[in-house]
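**Q** Below: sequence and its predicted model.
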Amino acid sequence: QATLTVTDPAGTAAKDSDASLRATAIAMQREMPQLTREQVERLAGQLAEDHVAGVRGAVLETLRPYARDSAVRAAVAKAFAKNPSVFDDAEFAALVDFLSPYAGRDEKVRDGLFASLEGLPSATQRAKLLETVVPKVRIDQIVTPLAKLFAKERDDWMREALFKLLKPLSITKHPELVQAFVAELVEPSSKFRSACATILAAAAEIHAEIPPALEDVLLHDQ
């Protein structure tokens, strides 16, 4: 009955108040030989705006054959980064599967994926994104979002994984790491203090933030 009701799939997919009809209309568009650029871009925009999981899932499945189009990938990545917390585990997995093959070659995809990290409410999702995407990119391209996430992360497993990624990097080449490592050094409960002390001591003459942190440790710790 829902299929018979949908006489204008594109319009129904975007505007109908009934979520089941929107999902049906989107599924009908998958049967079309070829969507126009306008239709594809409208669906990609809907991914960020629709509040129903079933509809977003239908959008992703409909867009999948168009993933080779850089504009479609950019729109999907932007939608994901705009509001990553709305996607459930199944949708999240579909999004990562959709975008991750292009993370190493497409800057907009890479930036969109890593911009979403801080907004993902689930540590499992954050870990999944790292495990899937990090092997596909050069680590120097993602130092800034990883350092920001490390500074805010509270999950022990995630902090361990992030520190393993950041520890081998040069703080001379990547000064954005200094603040994160200094914060660990002066935090008595951090298990990364010893490693951070070694890293920071080697660059104490280069970064003004480091000597006060080392002095703090000498003053308060045995």
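**A** Cool, the structure landed.
**Q** do you know how far Leu120 is from Val86?
**A** From Leu120 across to Val86, the span is 11 Å (Cβ to Cβ, to the nearest Å). In this view, the C-beta of every residue, glycine as well, is placed from N, C-alpha and C.
**Q** I meant Val134, not that one.
**A** In this structure, Val134 and Val86 are 24 Å apart, going by Cβ to Cβ.
**Q** just Trp157 next, same as before
**A** Applying Cβ to Cβ to Trp157 and Val86 gives a distance of 24 Å.
**Q** Looking at those two, which is more packed in?
**A** Higher neighbour count among Trp157 and Val86: Val86, with 19 against 12, using other Cβ atoms under 10 Å.
**Q** Correct me if wrong: the more buried one contacts His51.
**A** Yes: counting by Cβ atoms under 8 Å, Val86 touches His51, with 7.3 Å between them.
**Q** among the helices and strands of this protein, which has the poorest mean pLDDT?
**A** Across the helices and strands of the chain, mean confidence by mean pLDDT, DSSP states H and E is lowest for helix 2-5: a mean of 40.
**Q** Gly112: neighbouring residues, count only.
**A** 24.
**Q** Tell me which helix or strand the nearest residue to it once chain neighbours are set aside sits in.
**A** In this structure, Gly112 finds its nearest non-sequential neighbour in Ala77, 2.8 Å apart by Cβ to Cβ, 6 or more residues apart in numbering. Using DSSP states H and E, Ala77 falls within helix 70-82.
**Q** packing partners for that helix?
**A** Counting contacts by 3 or more Cβ pairs under 8 Å, 6 or more residues apart in numbering; DSSP states H and E, helix 70-82 packs against helix 37-49, helix 53-63, helix 89-99, helix 107-115.
**Q** Take the ones you listed and lay them out in JSON lines including distance to Pro175.
**A** What follows is those, written out as JSON lines (distance: least, Cβ to Cβ, whole Å):
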{"stretch": "helix 37-49", "distance to Pro175": "34"}
{"stretch": "helix 53-63", "distance to Pro175": "38"}
{"stretch": "helix 89-99", "distance to Pro175": "29"}
{"stretch": "helix 107-115", "distance to Pro175": "19"}
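**Q** Mind putting those helices into CSV with distance to Arg138 and mean pLDDT?
**A** Formatted as CSV, these follow (distance: least, Cβ to Cβ, whole Å; pLDDT from 0 to 100):
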stretch, distance to Arg138, mean pLDDT
helix 37-49, 27, 80
helix 53-63, 27, 85
helix 89-99, 17, 92
helix 107-115, 10, 92
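**Q** nearest to Ala81, of these?
**A** Ranking these by proximity to Ala81 (Cβ to Cβ) places helix 107-115 first, at 4.1 Å.
**Q** Tell me the buried residues in the helix or strand immediately after that closest one in the chain?
**A** Using DSSP H and E, the helix or strand that follows helix 107-115 in sequence is helix 123-133. Within helix 123-133, the residues scored as buried using 16 or more other Cβ atoms under 10 Å are 125-130, 132-133.
**Q** cool, stretch 65-74 as well?
**A** For stretch 65-74, the neighbour count (16+ other Cβ under 10 Å) marks 66-67, 72-74 as buried.
**Q** Likewise for stretch 181-189?
**A** Neighbour counts over stretch 181-189 (16+ other Cβ under 10 Å) mark 181-186 as buried.
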